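1. Have a look at this prediction, sequence included:
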Amino acid sequence: MLRRSDQAFQRDQTDQGNCLIDNFDSIKMKVKKVSDMKYYGDVTFVIQQEDPNAPGDWKEYKVVKPYKGDWTRLESRWNSGDKINDDKRVNNQLEIIADTFSTINFTNIRCVKWMGHQWAVTTVTPRPPKLVLEIGGLYNAGTESLSTP
């Protein structure tokens, strides 16, 4: 036979357990599937053009265009190395809806803007009517700006 204090303790533990289950269910409902995550942001192309004033001198120009798409994979990891702080690396996959410009220049795609940062594109696979972009680490390169041809 349980004493009165033991019964109260068991009731409290059961109530806390239900509270944890209720909180877990509410958290679980807020998590989205990767297939439901949409993308709208800038995709940067780096195009080489010959300088008209100096024949034989090629320069890289940046063309930034907005695209819509879907995230199909979201992964992240830390790359350890000789540095004090490890590098953040993502292994995400993004499918964007291709237009004529992106279909012709898919080999020139360098980075996408996501979460306020420029992320390097490591692989581009044309899968009409979309382009599948594999996203890697942070992108660090400066080029001159050029309007879209």
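-> Structure received. None of these values were measured; they are calculated from a predicted model.
2. Tell me who's in contact with N92.
-> W71, R73, L74, E75, W114, W119, E134, I135 (C-beta atoms under 8 Å, 6 or more residues apart in numbering). For the C-beta atoms, the positions are set from N, CA and C on the backbone; glycine is no exception.
3. Neighbouring strands - and their directions - for the helix or strand where V64 lies?
-> Assessed by DSSP states H and E, V64 sits inside strand 58-73. Counting by DSSP bridges, the strands paired with strand 58-73 are strand 38-50 (antiparallel), strand 92-97 (antiparallel), strand 144-145 (parallel).
4. could you give the mean pLDDT of stretch 56-70?
-> Per-residue pLDDT over stretch 56-70 has a mean of 93.
5. Show me which residues of it are buried.
-> For stretch 56-70, burial by neighbour count (16 or more other C-beta atoms under 10 Å) applies to K62, V63, Y67, G69, D70.
6. Look up the closest residue to the second one, ignoring the ones flanking it.
-> Here the nearest residue to V63 in space, its sequence neighbours aside, is F45; by C-beta to C-beta, 6 or more residues apart in numbering that works out to 4.4 Å.
7. Quick check: bridge partners of the one you found?
-> Beta-bridge partners of F45, as defined by DSSP bridges: V63, I109.
8. That one and K62 touch, don't they?
-> Yes - shown here, F45 and K62 form a contact pair, counting by C-beta atoms under 8 Å, at 7.3 Å.
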